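**Q** I need the structure of the sequence given here:
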Amino acid sequence: MGFKAALNFRYSNTHENRFWNNLVSALNKEFADSDEQVVLIGNLLAEGREIDALLIKEDALVVIDFKDYGGELTISENEPWTISGTIINSSRKNPFVQLSDNKYALLDALKKKLPNGYENWINLGHINALVLFHQPIQYDVANIQYDLSHPASKWFNISDLENISQTLMEVTSRETNIRGERVDILLKALGCIDLFDAV
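**A** Numbering: from 1, shown residues only. Below is the predicted model:
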């Protein structure tokens, strides 16, 4: 039990590699002595999409995207996001759309690769997503229910590194039960089992 982390391959940016190390350190402090099995995979590919990180815990799968910003955050489902007046991803999709694409790419990949019967222990429709900011942000997460549609607000999360452990403790799905050998089944389906010597 406890916490394990592995990089599928190194990130192409120095700040992402540093942030990965900080994230691993923060989660290790929180989950190292936990009775729960918690696994973090960095730089994962799913259906051609690069996912910054995926957290597997007994009651949730969480797709994580790193953002190197900090400040006062304003979000929307379809409009640009801003942080202290600066547009995030100004030439690309906003973080909600980007993470939605990543979530559904992971869902499609797992549907193809998980063995028959997986529906008995995981509802892939309940995959969560999380935008994780490198720097401190000012955003009341209770506002997600107003800033996004009701269905999206159920699976979409926002945090910064300072609050990541608390945020991940809050994320849950009663239709997800990833215990024991099921972690290895997921890792095998993701092509990551060799990163871990049998979790």
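
**Q** ok, E47 touching A105?
**A** Yes - using C-beta atoms under 8 Å, E47 is in contact with A105, at 4.0 Å. All C-beta atoms are positioned from the backbone trio N, CA, C, and that covers glycine.

**Q** ok, these two, which is more surrounded?
**A** Counted by other C-beta atoms under 10 Å, E47 and A105 do not tie: A105 has more neighbours, with 19 against 15.

**Q** And the more buried one, which helix or strand is it part of?
**A** helix 95-113 (DSSP states H and E).

**Q** And F66, by the same measure?
**A** With DSSP H and E as criterion, F66 is part of strand 60-67.

**Q** Also S173?
**A** Using DSSP H and E, no helix or strand contains S173.

**Q** And stretch 181-193, what's buried?
**A** 182-183, 185-187, 189-190, 192-193 (16 or more other C-beta atoms under 10 Å).

**Q** Averaged pLDDT, it. What do you get?
**A** The predicted model assigns stretch 181-193 a mean pLDDT of 93.

**Q** any idea how far the residue lying farthest from the centre of the chain lies from T74?
**A** Largest separation from the mean C-alpha position in the chain: G85, at 25.5 Å (C-alpha atoms, centre = their mean). The gap separating G85 from T74 is 9 Å, by C-beta to C-beta, to the nearest Å.

**Q** Repeat that for N177.
**A** 36 Å.

**Q** And P151, by the same measure?
**A** With C-beta to C-beta as the criterion, P151 and T74 are 21 Å apart.

**Q** Next: I144.
**A** 12 Å.

**Q** Next, show the common contact partners of those two.
**A** Listed as contacting both I144 and T74 by C-beta atoms under 8 Å, 6 or more residues apart in numbering is no residue at all.

**Q** thinking again about what came up before, out of the buried residues of stretch 181-193, which are inside helices?
**A** Taking DSSP state H as the definition of helices, these contribute 182-183, 185-187, 189.

**Q** now the end-to-end length of stretch 167-178.
**A** Criterion C-alpha to C-alpha, to the nearest Å; first-to-last residue distance in stretch 167-178 is 19 Å.

**Q** Equivalent analysis for stretch 22-42, please.
**A** Using C-alpha to C-alpha, the two ends of stretch 22-42 sit 12 Å apart.

**Q** Any stretches of this structure with poor pLDDT?
**A** 197-199 (pLDDT under 70).

**Q** try it again with 80
**A** 1, 90-91, 197-199 (pLDDT under 80).

**Q** Can you tell me the closest non-neighbouring residue to K4?
**A** Sequence neighbours aside, V39 is the residue nearest to K4 in space, at 5.3 Å (criterion: C-beta to C-beta, 6 or more residues apart in numbering).

**Q** Hmm, that neighbour is touching L55, no?
**A** Yes - under the criterion of C-beta under 8 Å, V39 makes contact with L55 at 7.3 Å.

**Q** Counting neighbours, what do you get for H126?
**A** Applying other C-beta under 10 Å, we find 17 other residues in the vicinity of H126.

**Q** which residue packs closest to it, ignoring adjacent ones?
**A** According to C-beta to C-beta, 6+ apart, the nearest residue to H126 is S173 (3.9 Å).
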